[in-house]
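[1] let's see this in three dimensions:
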Amino acid sequence: MNYVVRDPFGSVAQPLFRSTGVNGIYGRTALFERVVDGLSGLISRYRAHNAEVLRFPPVINRAHIEKAGYLHSFPHLLGAVSCLHGDEAEIRAAVDRPSNEGGWTAALKATDLVLTPAACYHVYPLVAARGRVPAGGVVFDVACDCFRHEPSQHVDRLQSFRMREYVCLASPRQAADFRDRWMQQGQEIADQLDLRHAIAPARRWTPWRRSGPRLRSRGSCTIQSSSRAPQSATRTHPGARGGSSREPRVCSRRLRRQLAKATLSCGSGS
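    This next block holds a predicted model:
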C-alpha cells in the first residue's frame with residue numbers, strides 16, 4: 001500500500017523558514033532575512049523625503065484599537081494580551097490548577113494591550129494628539145511585527161508577520177493622489193523584480209473584511225494600495241501579499257527564482 005504524505009511546509013520553504021510546531025508561526029533563516037533586507041532597501045528608495053520614519057512594538061493600546069473600529073470589523077483576527085493577576089498565592093494557585101479544572105489559562109485576565117494587527121494603527125492616535133493636520137498633509141514610513149489569528153498550513157499565510165507601510169493623512173484629494181502615485185510606483189517595484197502583475201480589486205473571504213484596490217501579481221507577489229483607513233488617510237503596502245500587508249509571498253516557481261535576484265539587485269538599506 002502506498003501512502004501520500006502532504007508536506008504543507010513544502011520544499012521551497014525549507015531554506016527560508018523553520019517550523020515552530022504552530023501553523024503560521026515560523027523561524028526565519030538568514031537567507032529569508034537577506035531577501036527582506038533587499039526588498040526593504042528597494043522600498044526605501046521610494047520613500048518621500050518628508051516622510052517621518054517610525055518603528056513600533058508588536059503590542060498596542062487596546063483602547064486605540066477599539067476606538068479605531070478594528071474590533072468590530074475583524075474580531076476573529078484580533079489577539080489580546082492577557083496575564084495572571086493577584087498576589088503570589090493567587091498566581092501560584094492558578095499555575096497549579098489542574099487541566100480538568102481549566103488549567104492556569106482559566107485565571108487569565110485581559111490587560112490594556114492587544115497584539116498589533118497593522119502598523120498604521122499606531123499612527124492615528126499619534127497624529128490626533130498633535131492637533132490639526134498641516135495643509136500639505138503628513139506622510140509616515142512605519143513598520144512593526146503584527147499578529148492576526150488566522151492559522152494556516154500555507155507558508156505565505158502567517159499569524160505573526162512583519163508589516164511595513166507608507167501612511168498618508170491629508171485631504172481627500174491629496175490622499176487619492178498619494179494612493180494613485182503608489183499604485184504606479186508599486187508597478188515599478190514589481191517590474192524591477194521581473195514579476196508579472198495587474199491592477200485588480202482586493203478580495204477577502206471573510207464577512208468582516210473591507211478591501212480597497214490592490215496591485216496583484218499573477219502567481220507571484222502582491223503590492224497593495226488600500227484606502228481602508230480612517231477619514232482621508234490612505235495607506236500603501238509595498239511588498240504585501242493577498243489582501244493584507246505581509247512579508248513577500250513565497251508562492252510560485254517564478255518568485256522563488258527571484259529571491260536571490262532581489263537580494264543581489266536591491267541591496268540592503270533603510
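
[2] by contact count, what packs against the helix or strand where residue 126 lies?
    Assessed by DSSP states H and E, residue 126 sits inside helix 123-130. If contacts are counted by 3 or more C-beta pairs under 8 Å, 6 or more residues apart in numbering; DSSP states H and E, helix 123-130 sits against helix 62-68, strand 138-147, strand 160-169. Backbone N, C-alpha and C define where each C-beta goes, glycine included.

[3] take those and lay them out in JSON lines including distance to residue 198 and mean neighbour count.
    Formatted as JSON lines, the helices and strands packed on helix 123-130 follow (distance: least, C-beta to C-beta, whole Å; neighbours: other C-beta atoms under 10 Å):
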{"stretch": "helix 62-68", "distance to residue 198": "31", "mean neighbour count": "16"}
{"stretch": "strand 138-147", "distance to residue 198": "26", "mean neighbour count": "20"}
{"stretch": "strand 160-169", "distance to residue 198": "21", "mean neighbour count": "22"}
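
[4] got these as a markdown table, with distance to residue 199 and mean pLDDT columns?
    Formatted as a markdown table, those follow (distance: least, C-beta to C-beta, whole Å; pLDDT from 0 to 100):
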| stretch | distance to residue 199 | mean pLDDT |
| --- | --- | --- |
| helix 62-68 | 27 | 96 |
| strand 138-147 | 22 | 97 |
| strand 160-169 | 18 | 96 |
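
[5] that older thread, now the helix holding residue 126 and strand 138-147, what's the angle there?
    Going by axes from the mean of the first three to the mean of the last three C-alpha atoms, to 10 degrees, helix 123-130 is angled at 140 degrees with respect to strand 138-147.

[6] just give me how far stretch 32-50 sits from the chain centre.
    Here stretch 32-50 is found 15 Å from its chain centre; the criterion is C-alpha atoms, centre = their mean, to the nearest Å.

[7] buried residues, that stretch. List them.
    Neighbour counts using 16 or more other C-beta atoms under 10 Å place 32, 34-44, 46 of stretch 32-50 among the buried residues.

[8] where does pLDDT dip in this protein?
    Counting by pLDDT under 70, the chain has low-confidence residues at 1-10, 202-270.

[9] so which residues of it form helices?
    30-44, 62-68, 70-73, 88-95, 123-130, 172-192, 253-266 (DSSP state H).

[10] out of those, nearest to residue 112?
    Minimum separation from residue 112 across the helices of the chain (C-beta to C-beta) falls at helix 62-68, 5.3 Å.

[11] pull the closest one out as PDB, backbone CA atoms only.
    Taking Å, rounded to 0.1, in the frame of the first residue of the first chain, the C-alpha atoms of helix 62-68 are listed here in PDB:
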ATOM      1  CA  ARG A  62      -6.300  48.300  23.400                       C
ATOM      2  CA  ALA A  63      -8.400  51.400  23.700                       C
ATOM      3  CA  HIS A  64      -6.900  52.700  20.400                       C
ATOM      4  CA  ILE A  65      -7.900  49.600  18.500                       C
ATOM      5  CA  GLU A  66     -11.400  49.700  20.000                       C
ATOM      6  CA  LYS A  67     -11.800  53.300  19.000                       C
ATOM      7  CA  ALA A  68     -10.500  52.700  15.500                       C
END
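
[12] what residues does that helix touch?
    With contact meaning C-beta atoms under 8 Å, 6 or more residues apart in numbering, helix 62-68 is reached by 71, 78, 80, 110-114, 117, 121-122, 124-125, 230.

[13] ok now that helix, how far from the chain's centre?
    With C-alpha atoms, centre = their mean, you get 18 Å for helix 62-68.

[14] repeat that for stretch 165-177.
    For stretch 165-177, the distance to the chain centre is 20 Å (C-alpha atoms, centre = their mean).

[15] with stretch 104-122 instead?
    16 Å.

[16] can you pull the buried residues of that stretch?
    107, 113-122.
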